[in-house]
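Trainee: the sequence and its predicted three-dimensional model are supplied below.
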Amino acid sequence: MHERLSFFVRRDSPIHRLNPMTKVVMALSLVLIAFLSPWYWTPLALFLLVIIPLTLLAKVAREYWSFIFKVILPTVAILFLMQALFLPGESKIVFKLFGLEVTELSAQLAFRNVTRIIVMISSFTVLLLSTHPSELMSDLTQRGLPGQFAYVVISSLQIIPQMQAKAQTIISAQRSRGLDTQSSFFRRVSGILPLVGPLVFGSLVEVEERAIAIEARGFTSRHPKTFLHQIPDTSTDKLIRWILAALVLITILLRLWPS
Amino acid sequence: MRIEIQDLYFTYPTGVEALRGISLTIESGEQVAIVGQNGAGKTTLVKHFNGLLQPTSGQVLIGGWDTTRHPVAKMASRVGYVFQNPDEQLFSRNVGAEVAFGPKNLGFDIERVEALVGDALALTQLSDKTETNPYDLSATGRKMVALASIISMDTDIVIFDEPTTGQDAVNVRRIASVIAELRRRGKTVITITHDIDFCAENFERVIAMSQGKILLDGTANAVLGQEETLARTYVDPPQLTRLGKRLGFRDTVRNEEEFLDALKR
Amino acid sequence: MAIVNLQNVTYKYPLTDVSALQNISLKVEEGEFVAVIGPNGAGKSTLCYAIAGFVPHFFKGELTGTVEVAGNESINSTLSEWVLNVGLAFQNPFNQISGAKYTVFEELAFGLENIGIPRAEMKRRVEDAMKLTGISDLADRSPYSLSGGQQQRVALTSILVMQPKVLVLDEPTSQMDPIGTREVFGVIRSMAERGMTVILVEHKVEWIAQFADRVIALKDGGILLDGAPSEVLTSPLLPAHGFATSRYTSVARKAREMGVWNGENLPVTLDEAVEGFSQRVKGIKS
């Protein structure tokens, strides 16, 4: 059982050492540039020339590709097909599939949209692979993100795996009372309540206790918070963020420029 | 209904070898307590009795049934398992429905289910709470509902996992009387417990486990008197046993009766 | 000076008919170790919540009477200020882990971050508290990888770093195995020896008998008995009202009825029982 839910992979790399905010800005910039740039091949170029080098620089290439193949590729393949088959457009028909037509135009649009999505998912994946969630949330909180939001994110990451363990125990307990988890009858709705019920009600009890516990440690104090860890924010970080902001601005200008 | 364990080994998927060669027989109607430190393998062992876990090697026979040949839902007709935390079991809108869940799953007809539910509620002193939502009851009440839900299944073997944790004296006594009644009905009762006094006062046979093996297995008096061996699995002897030892009694005493008898001599 | 002062406290949870606390008055001196015993439903947890301010601030409901700690009344304070006066820990160690931190050290600092303690002092307090409770070796572990006893000690330490004036503990060992129980009582005992005011709700009478200065028996929201352990724990009222008693006490009581107990008072601890009975058992050293 995983003790925690997270993408984060501990490596010693220049990307890991960057300030979390810098990496957030990087991810957002890549997404904005991919979606706003007027040049058709932008997303693909970003993928080949920026994303892939980043994964190598951050030493997370293997985890990145594993995630891409297992999760992203099937999804984008379906997305591509959906768009290619159903987007309207009058142009040359490239081929037919199940009586539906793929035209040149729809294929182009589908390709562009799919590459944009790949850039979006990839940039956030690199962010999450190279940034510890606790550090990310702490940095954002220090910059003004509400503490409660950060708490919800981090505690969910740690507590959901614990709930998985709890769910397993509930299943065992109900099986021990004769609940048949193997027959097709199980799929009826009434078979779900004995499993979901205890999970929900039991969690409500736990949530109240946890609320008391964090309250007892000043969670709702109005005091300005302090932070145990100081997360370095170097001049390199600041420079990178300014450059990225400038690139996004240029992209927007290029798009708005009538040509 | 006899429980036969032959040379049982079990390793979790994580690689932890939790049971390392357990062999034991529990005859019909015995009252057995299993004690030992956390991680000794007590819960792992007991989960083999109803098939929740299957042996890595070795055999578990419940009344002749090989647990690898019957699904857990079927084993539930012979072995009832009361889990430690009632909140991981309770889901029905009222106590009556909750207690009826088990026997219904076992396929009993409606009259038998009603009779079993009525009996279980009477035994756990919940007869007046049939319409109450289990989550409206206190933690004590919910524990008794969990007990009733398993008793109503009328299994020959009943397993209790830490039945007295967090319970007050009154409820511990109630639980003890439920166990006594089950004994009177000829059921086999197996319990895992850290409460060594509760164990001494209610169980005839004690099995002490340590690191996946059985350290001691015998009558309560025989086992609970072996302080040094029990200390290896972080089990303290019962209060009266300790007192008897300090006073130099020849025999091991485990409850008030035996203590006072020994004192008079 | 009484550091905790309850006067005529009556409290009813919202949507209930029966008061959970009925006209409770009690004083606790600084440095006292008070144990609270009682059957389930007696109001022990509610009493803890009242002293810690969660009643009425968290649970709402109707509170009459005054709850004072170190001269301040709980109704006049916000809950987040009050928790700096009174630390609260309870049964389930898992639910006391915030979930917001990945190591024990950070977990202990969580409360201090919330109240704005400067970084250097934060580190100092955490390191000192870990030494006091003996968990320095757990500093880099994930709180979720710990045993129950370890988690409970982390929970206690995370309250201690807040430097409360009073420590309120609601059945901290109920879910512990014997090792965990011993570890947790060890921490509580060393806190008490350092002069911390401790209010401990417990079922395990033989432990209370060894450590507590005073025992309060609660029943149906009211105080039944309040006095020294040797008085309260041997009172015949306890078995009559369904309280837990030490087996040494109850067997000695029966022995006395049979005429085979020679001690003056009934025992509560093993040593007292040995002494009392050894006078009866010939040729045995006590």
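Mentor: That came in fine, so what should we check first?

Trainee: got the phi and psi for residue A:159?
Mentor: phi -90, psi -30 (degrees, to the nearest 10).

Trainee: so it sits against residue C:97, correct?
Mentor: No - counting by CB atoms under 8 Å, residue A:159 does not reach residue C:97; the two are 9.0 Å apart. To be clear about C-beta, it is placed using only N, CA and C from the backbone, and glycine gets the same treatment.

Trainee: out of the two, which sits in the more crowded spot?
Mentor: More crowded of residue A:159 and residue C:97, by other CB atoms under 10 Å in any protein chain shown: residue C:97, with 27 against 22.

Trainee: what is the neighbour count of the residue lying closest to the more buried one once chain neighbours are set aside?
Mentor: Leaving aside its chain neighbours, residue C:97 sits nearest to residue C:143 (4.6 Å; criterion: CB to CB, 6 or more residues apart in numbering or on different chains). Applying other CB under 10 Å, we find 25 residues neighbouring residue C:143.

Trainee: pretty sure residue C:143 sits against residue C:106.
Mentor: No - in this structure residue C:143 lies outside contact range of residue C:106 using CB under 8 Å: 9.1 Å.

Trainee: what's the local residue count around the residue nearest to residue B:68 when sequence neighbours are not counted?
Mentor: Leaving aside its sequence neighbours, residue B:68 sits nearest to residue B:54 (CB to CB, 6+ apart; 5.4 Å). A count of neighbours around residue B:54, defined by other CB under 10 Å, yields 12.

Trainee: where does residue B:54 land in three-state SS?
Mentor: coil (DSSP: H, G, I helix; E, B strand; the rest coil).

Trainee: buried residues in the one helix or strand residue B:6 maps to, which are they?
Mentor: Following DSSP states H and E, one finds residue B:6 within strand B:3-11. For strand B:3-11, a neighbour-count test (16 or more other CB atoms under 10 Å in any protein chain shown) marks B:3-5, B:8, B:10-11 as buried.

Trainee: do you know the pLDDT at the residue nearest to residue B:68?
Mentor: Per-residue pLDDT puts residue B:54 at 95.

Trainee: could you measure from it over to residue B:13?
Mentor: Distance, residue B:54 to residue B:13, by CB to CB, to the nearest Å: 12 Å.

Trainee: list the contacts for the residue lying closest to residue C:53 once chain neighbours are set aside?
Mentor: The spatially closest residue to residue C:53, leaving aside those adjacent along the chain, is residue C:82, at 3.7 Å (CB to CB, 6+ apart). By CB atoms under 8 Å, 6 or more residues apart in numbering or on different chains, the contact list for residue C:82 reads C:52-53, C:57, C:69, C:74.

Trainee: which of the residues you listed tops the neighbour count?
Mentor: Within the contacts of residue C:82, residue C:52 tops the neighbour count with 31 neighbours, counted by other CB under 10 Å.

Trainee: so it is in contact with residue C:168, correct?
Mentor: Yes - counting by CB under 8 Å, residue C:52 does reach residue C:168; the two are 5.3 Å apart.

Trainee: shared neighbours, these two?
Mentor: Common neighbours of residue C:52 and residue C:168 (CB under 8 Å, 6+ apart) are C:86-88.
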